[in-house]
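> Quick one, structure for this:
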Amino acid sequence: MTDITAAMVKELRETTSAGMLDCKKALVECNGNMDEAVDWLRKKGLASAAKKASRIAAEGLVAVAVDGNKGAVVEVNSETDFVAKNEIFQEYVTDAAIVALRSNGDVCEMKKFNCPKCGKTFEERLTDMIAKIGENMNLRRAKMIEVNDGVVASYIHNAAGTNIGKIGVLVALESKADKAKLAELGKHIAMHVAASNPLFLNVAAVDPAAVEHEKAIYSEQAKASGKPENIIEKMVEGRVRKYYDEVVLEEQAYIMDPDKKVKQVVADTAIELGADIKIADFACFKLGEGLQKKEEDFAAEVASQLNK
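The predicted model follows:
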């Protein structure tokens, strides 16, 4: 049997907002498996669905670059926030987004790119920066999106400078409407994405396996209520619709006008501008998403240095 540590209970509690004792019981029942413990709590009605259980803990910066109908977003990690404030590091991250535009967001191709500034590849430039600053860094990921006719808008949250910060969002709008008006709408939707963290563009893009997983959990919850089967089916259908409202961009309540869904705001703007508008794609990079930073015990670190 897996030992259930306080750290595991704490992590589960932070992910689900369930009570401490419930989290411990869930971990015991699921032999320490975190994902199964989340489902166990949800089936018991003790936790709500987590949009994305991702531990954001790495340092560094995210950057965006836009050129007309295409845009790129990149993430470069460092060990400390101190380095993220370094001008050399910030310049590298800014350049990385521009290089991503030319490399279709392919990190391997980006590393091979020759920098006109120094005559070195982008990877060699990173190696030199690591040696100069004395801290490990990593060009972690990049993505480029584009449209045939329209605009790509961007937004940076917690900005550390021009086009660099902690969260970077791109939104691609396909339309023949006025470019300036499209860019304004795109930026507002990008701000919404940063705040609401959608996982899918539209209902069609939702993974069927994810929907079935949610249905199974909702069905268990509904059965516990003792309702008739036909009522249970309606309850599950309602929960699935709510799931879409939470994780699908077009179905979410618009952050600037919660009485409207994002797709309604787009449709209203299309009427106003006299041209069809379609959200073709979006990308959102949150610094350190999916990474776990090593937790340092400062007292233990000092003690270890004294004992050397």
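> buried ones in stretch 219-236?
Neighbour-count burial for stretch 219-236, counted by 16 or more other C-beta atoms under 10 Å, picks out 219-222, 232, 235-236. The way it works is simple: take the backbone N, C-alpha and C, and place the C-beta from them, glycine included.
> likewise stretch 213-220?
214, 217-220.
> Name the nearest of those residues relative to Asp149.
Nearest to Asp149 among the buried residues of stretch 213-220 is Glu214, at 35.9 Å by C-beta to C-beta.
> hey, where'd the strands end up in this structure?
59-67, 70-78, 137-146, 150-157, 164-165, 167-175, 253-254, 257-261, 277-286 (DSSP state E).
> Show me where the stretch 51-200 of the chain dips below the pLDDT cut-off.
51-57 (pLDDT under 70).
> Burial check on Met110, number of neighbours?
Here the count is done by other C-beta atoms under 10 Å, and Met110 has 23 residues near it.
> repeat for Leu126
As a measure of burial, Leu126 has 18 neighbours, counting by other C-beta under 10 Å.
> Wait, it touches Met137, no?
Yes. Contact criterion C-beta atoms under 8 Å: Leu126 and Met137 qualify, at 6.3 Å.
> any chance of the buried residues of stretch 213-220 in TSV, plus pLDDT and distance to Asn77?
Shown next, in TSV, are those (pLDDT from 0 to 100; distance: C-beta to C-beta, whole Å):
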residue	pLDDT	distance to Asn77
Glu214	82	32
Ile217	83	34
Tyr218	82	37
Ser219	82	41
Glu220	82	39
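> mind listing the helices for the stretch 201-308 of the chain?
Using DSSP state H, counting those that start in this stretch, the helices found in the stretch 201-308 of the chain span residues 208-223, 229-247, 262-273, 298-306.
> Out of those, name the one with the poorest average pLDDT.
Out of the helices of the stretch 201-308 of the chain, helix 298-306 stands lowest, with a mean of 43 (criterion: mean pLDDT).
> Domain parsing of this protein, as residue ranges.
1-48, 59-199+280-286 (automatic domain parsing).
> Quick check: Glu214 touching Arg241?
No. In this structure, Glu214 is not within contact of Arg241 by C-beta under 8 Å, at 10.9 Å.
> circling back to that earlier point, in TSV, list the strands of the chain along with mean neighbour count and distance to Thr269.
Shown next, in TSV, are the strands of the chain (neighbours: other C-beta atoms under 10 Å; distance: least, C-beta to C-beta, whole Å):
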stretch	mean neighbour count	distance to Thr269
strand 59-67	24	20
strand 70-78	26	20
strand 137-146	20	20
strand 150-157	24	13
strand 164-165	22	26
strand 167-175	25	9
strand 253-254	17	11
strand 257-261	12	11
strand 277-286	20	6
